[in-house]
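J.: sequence and predicted model, in that order:
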Amino acid sequence: MGKPDDQPMKLFTALASATVTAYALAYIAHFELGLSRLKIREDALAAVGLLVVALTVKIVFQRKNKGS
């Protein structure tokens, strides 16, 4: 018998870790470094955009290579 697929739990753990890290970094940036919340949001949105593009390219190339 194989191990059950724990992919949803891995995704949940990764999202929870990312959320805690984001809150901690935002706290430090705002209260310790003095950055405005708007600046933090703008930088976070830019980072998310880059991650989305990188993941999209990876998925497209994986699907393209799998078909050939």
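T.: Done, it's in.

J.: packing partners of the helix ranked longest in the chain?
T.: Counting residues, the longest helix found in the chain (DSSP state H) is helix 37-67. Applying 3 or more Cβ pairs under 8 Å, 6 or more residues apart in numbering; DSSP states H and E, one finds that helix 37-67 contacts helix 7-27. (Each C-beta comes from the backbone N, C-alpha and C, glycine too.)

J.: check the offset of the longest helix of the chain from the chain's centre.
T.: Mean-position distance between helix 37-67 and its chain equals 9 Å (Cα atoms, centre = their mean, to the nearest Å).

J.: buried sites along it?
T.: I40 (16 or more other Cβ atoms under 10 Å).

J.: show the average pLDDT along it.
T.: The average pLDDT within helix 37-67 is 89.

J.: got the angle for it vs helix 7-27?
T.: Counting by axes from the mean of the first three to the mean of the last three Cα atoms, to 10 degrees, helix 37-67 points 150 degrees away from the direction of helix 7-27.

J.: F31: what's it in contact with?
T.: If a contact means Cβ atoms under 8 Å, 6 or more residues apart in numbering, then F31 has no contacts.

J.: gap between it and L25?
T.: 11 Å (Cβ to Cβ, to the nearest Å).

J.: repeat for K39
T.: From K39 to L25 the distance is 13 Å (Cβ to Cβ).

J.: can you give me the pLDDT of T21?
T.: 89.

J.: what is the neighbour count of it?
T.: Number of residues near T21 (other Cβ atoms under 10 Å) recorded here: 10.

J.: same question for the one 5 residues further on.
T.: A26 has 16 neighbouring residues, counting by other Cβ under 10 Å.
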